[in-house]
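Student: the following comprises the amino acid sequence and a computationally predicted model.
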Amino acid sequence: MERPAETDVAVVGAGAAGLYVALRAAEQGAVVRLVSRKPLAESASYWAQGGLAAALAPDDSPARHADDTLNAGRGLCRAEAVEVLTREAPAAVEELRERGVRFDAEPGGGLGLALEGGHSARRIVHAGGAQTGRAITGCLAEQVAAQPRIEVLDETSAVALWSDGSRCCGVVTDAGAVAARATVLATGGGAALWRRTTNPWGAIGAGAVLAHAGGADLADLEFCQFHPTALALPGSEHDGTLLTEALRGEGAELLDASGRRFTDELAPRDQVTEAILDRIEADRADHVRLDLRSLEAERFPNVFAACRAAGLEPKRDPVPVAPAAHYLIGGIVCDLDGRTSLQGLFAVGECACSGVHGANRLASNSLTECFVFGARAAVAAASAPPHDASVPLPEWRFEPPMEATREAIWRRAGPRRDAATLEPLLDDPYPLARLIARAALDRRESRGPHRRTDHPLRDPALDGVHIVLGPGDQARSERWS
């Protein structure tokens, strides 16, 4: 066997979380290898339209931000994770500004703060309107490329963790093995496992599959957040195009088939999604419409351009929208410093599950999560003890899902599901499909975006209870504080 490369910290994934962790770990003195399937700045984060949520206004506070997060989380947030996120968010925004990210400003020079669903105050910062992901990842990618302690392995894919089930000693890639004192998974989410999705097709939950095969616990996989407003153009390449939450924050309205407004557009996403699904069913349609006619196209240039590329004219007619899979809330169980149940392995960003989002992520908390918890994970990873060189390389290798899996997950574990439709997923060849089904079957209630038509009510006895999936696909219930 070829001698593996050695490093202090191996980071898998070059989205916002991975770039930031690599940069911060290197600044702590660690030698870092960053494994990126694509060239830098072409990750899912690059396309992120949402901003960062932080209590920055004079009439706002971290406590108020925390209250909104807990309310959106539907009784399942880990309170200490929420407290850390909301307390450290303002400093995270300020640090990004110091690194050169140019957030949108008001005419007077202060930060522009937007309002989004579930927030009780204007606290969302954007960069370039709905091009925040591009602005942040572009800036961080430049700094990563200039950091001498970071070696970027681009166009390289992770295919397994170097693990014996109790200790992770690095990562196996399609270009060879990398031994590391700490391995950080920042691989993004899995919402593209649902056929109708706002995500790029590579968001297949690979990090969760790698971690689970290596021996780490996963949790909350029954909770996939469906974004209420994605273009509904069945059969078109533009079907599922995300129309950012910020549109509704600036006055865009949802209209039914008769042209009437039918819901509170600024309620948390699970409520808006449910209202849209009810209206679609009542109207015997496949979509509702989002009215953008009152908005200035210059405020959201890429959104209006995307609509026009799809043959729509949003300044003239409301555009067709319907929910699409957007954010897999569950993932790799980790603590507030990103440590997982597998020694030597850390997880940050959408692939992680710290409990901060509960059952229903509050809009724009996810980018904030990347930087608040990424900073903490970078410090912990940089100080990790040496790996055990005697652990043998695993034989298992990651295989992506087949197209049939995406169709099956959308049809069987979509916005509304029941036991009869979920059970066939337990035999799907893709491991994460089976685990999603197992978690959804075990949660015999409706909560957040998890809507069981055979268990339509929320069960108060399950407040704070998480479905944790360990090695061997075994499920157990845990109550997190």
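Tutor: Cool, got the structure. A quick note: this is a predicted structure, and the numbers were derived from the prediction, not measured. Numbering: from 1, shown residues only.
Student: what about the strands in the stretch 151-300 of the chain?
Tutor: 158-163, 168-173, 176-185, 218-219, 224-231, 253-255, 288-291 (DSSP state E, counting those that start in this stretch).
Student: list the buried residues for the longest one?
Tutor: In terms of neighbour count (16 or more other Cβ atoms under 10 Å), strand 176-185 has its buried residues at 177-185. Just so you know, the C-beta spots here come from the backbone N, C-alpha and C atoms, and that holds for glycine as well.
Student: which residues of the stretch 1-150 of the chain score low on pLDDT?
Tutor: Scanning the stretch 1-150 of the chain for pLDDT under 70 picks out 1-3, 40-50, 129-130.
Student: and the helices in it, which stretches?
Tutor: 16-27, 62-72, 79-98, 132-146 (DSSP state H, counting those that start in this stretch).
Student: just want the angle from the longest one to helix 16-27.
Tutor: Looking back up the chat, that one is helix 79-98. 70 degrees (axes from the mean of the first three to the mean of the last three Cα atoms, to 10 degrees).
Student: by contact count, what packs against the helix or strand hosting residue 404?
Tutor: Using DSSP states H and E, the secondary-structure element containing residue 404 is helix 403-412. Helices and strands in packing contact with helix 403-412 are listed as helix 419-422, helix 431-442; criterion 3 or more Cβ pairs under 8 Å, 6 or more residues apart in numbering; DSSP states H and E.
Student: show me what contacts residue 147?
Tutor: 22-23, 26-27 (Cβ atoms under 8 Å, 6 or more residues apart in numbering).
Student: switch those over to TSV; also include neighbour count and distance to residue 172.
Tutor: Putting the contacts of residue 147 into TSV (neighbours: other Cβ atoms under 10 Å; distance: Cβ to Cβ, whole Å) gives the following:
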residue	neighbour count	distance to residue 172
22	34	19
23	25	24
26	23	23
27	16	27
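Student: so which of these comes closest to residue 153?
Tutor: When these are ranked by distance to residue 153 (Cβ to Cβ), residue 22 comes first, at 11.2 Å.
Student: do I have it right that that closest one meets residue 12?
Tutor: No: with contacts counted by Cβ atoms under 8 Å, residue 22 stays clear of residue 12, the gap being 10.2 Å.
Student: quick one on the thing from earlier: looking at the helices of the stretch 1-150 of the chain, which is buried most?
Tutor: Greatest average neighbour count among those goes to helix 16-27 (a mean of 29), per mean count of other Cβ atoms under 10 Å.
Student: okay, angle between that one and helix 132-146 too, please.
Tutor: Using the same axes, to 10 degrees, helix 16-27 lies at 30 degrees relative to helix 132-146.
Student: counting by contacts, list what helix 16-27 packs against.
Tutor: strand 5-12, strand 32-36, helix 132-146, strand 150-154, strand 176-185, helix 365-382.
Student: export these to JSON lines and tack on distance to residue 409?
Tutor: Shown next, in JSON lines, are those (distance: least, Cβ to Cβ, whole Å):
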{"stretch": "strand 5-12", "distance to residue 409": "23"}
{"stretch": "strand 32-36", "distance to residue 409": "26"}
{"stretch": "helix 132-146", "distance to residue 409": "25"}
{"stretch": "strand 150-154", "distance to residue 409": "29"}
{"stretch": "strand 176-185", "distance to residue 409": "21"}
{"stretch": "helix 365-382", "distance to residue 409": "21"}
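Student: can you pull up the most central residue in the protein?
Tutor: residue 350 (3.5 Å; Cα atoms, centre = their mean).
Student: so it, which state does it fall into?
Tutor: helix (DSSP: H, G, I helix; E, B strand; the rest coil).
Student: residue 330 is in contact with that one, correct?
Tutor: No: using Cβ under 8 Å, residue 350 is not in contact with residue 330, being 10.0 Å away.
Student: thinking again about what came up before, can you give me the pLDDT of the residue nearest to the centre of the chain?
Tutor: For residue 350, the model assigns a pLDDT of 95.
Student: how about it: what's its closest non-neighbour residue?
Tutor: residue 189 (3.7 Å; Cβ to Cβ, 6 or more residues apart in numbering).
Student: the one you found and residue 352, how far apart?
Tutor: Separation of residue 189 from residue 352 (Cβ to Cβ, to the nearest Å) stands at 10 Å.
Student: give me the common contacts of those two.
Tutor: What both residue 189 and residue 352 touch, as defined by Cβ under 8 Å, 6+ apart, is the set residue 331.
Student: give me the spatial nearest neighbour of residue 79, chain neighbours excluded.
Tutor: Per Cβ to Cβ, 6+ apart, closest to residue 79 is residue 481, 6.7 Å.
Student: any idea how far that neighbour is from residue 321?
Tutor: According to Cβ to Cβ, residue 481 stands 38 Å off from residue 321.
Student: can you check residue 220 too?
Tutor: In terms of Cβ to Cβ, residue 220 sits 26 Å off from residue 321.
Student: the helices in the stretch 201-350 of the chain, which residues?
Tutor: 206-214, 245-249, 269-283, 301-309.
Student: adding mean pLDDT, write the ones you listed out as TSV.
Tutor: Below are the helices of the stretch 201-350 of the chain laid out as TSV (pLDDT from 0 to 100):
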stretch	mean pLDDT
helix 206-214	98
helix 245-249	89
helix 269-283	94
helix 301-309	92
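Student: out of those helices, which is closest to residue 338?
Tutor: Comparing the helices of the stretch 201-350 of the chain by Cβ to Cβ, helix 206-214 comes nearest, at 12.0 Å.
Student: now the residue lying closest to residue 370 once chain neighbours are set aside: how far from residue 77?
Tutor: With Cβ to Cβ, 6+ apart as the criterion, residue 370 has its nearest non-adjacent residue at 4.0 Å, and that residue is residue 17. Distance, residue 17 to residue 77, using Cβ to Cβ: 20 Å.
Student: how about residue 373?
Tutor: For residue 373 relative to residue 77 (Cβ to Cβ), the value is 14 Å.
Student: between the two, which is the more surrounded one?
Tutor: Shown here are residue 373 and residue 77; by other Cβ atoms under 10 Å, residue 373 has more neighbours (30 against 27).
Student: residue 336 is in contact with the more buried one, correct?
Tutor: Yes: using Cβ under 8 Å, residue 373 is in contact with residue 336, at 7.0 Å.
Student: show me the common contact partners of the two, please.
Tutor: Joint contacts of residue 373 and residue 336 (Cβ under 8 Å, 6+ apart) are 84, 354.
Student: any idea how far the spatially closest residue to residue 115 that is not a sequence neighbour lies from residue 278?
Tutor: With Cβ to Cβ, 6+ apart as the criterion, residue 115 has its nearest non-adjacent residue at 4.1 Å, and that residue is residue 249. Using Cβ to Cβ, one obtains 22 Å as the distance from residue 249 to residue 278.
Student: who has more neighbours out of the two?
Tutor: residue 249 (19 against 12).
Student: leaving aside the residues adjacent along the chain, what's closest to residue 196?
Tutor: residue 324 (4.6 Å).
Student: quickly list what the one you found is bridged to.
Tutor: residue 227 (DSSP bridges).
Student: returning to what we had before: which residue of residue 481 and residue 321 possesses the greater neighbour count?
Tutor: More crowded of residue 481 and residue 321, by other Cβ under 10 Å: residue 321, with 24 against 8.
Student: hmm, residue 243 and that one touching each other?
Tutor: Yes: here residue 321 reaches residue 243: they are 6.2 Å apart, a contact under Cβ under 8 Å.
Student: pull up the overlap in contacts between those two.
Tutor: What both residue 321 and residue 243 touch, as defined by Cβ under 8 Å, 6+ apart, is the set 229-231, 290.
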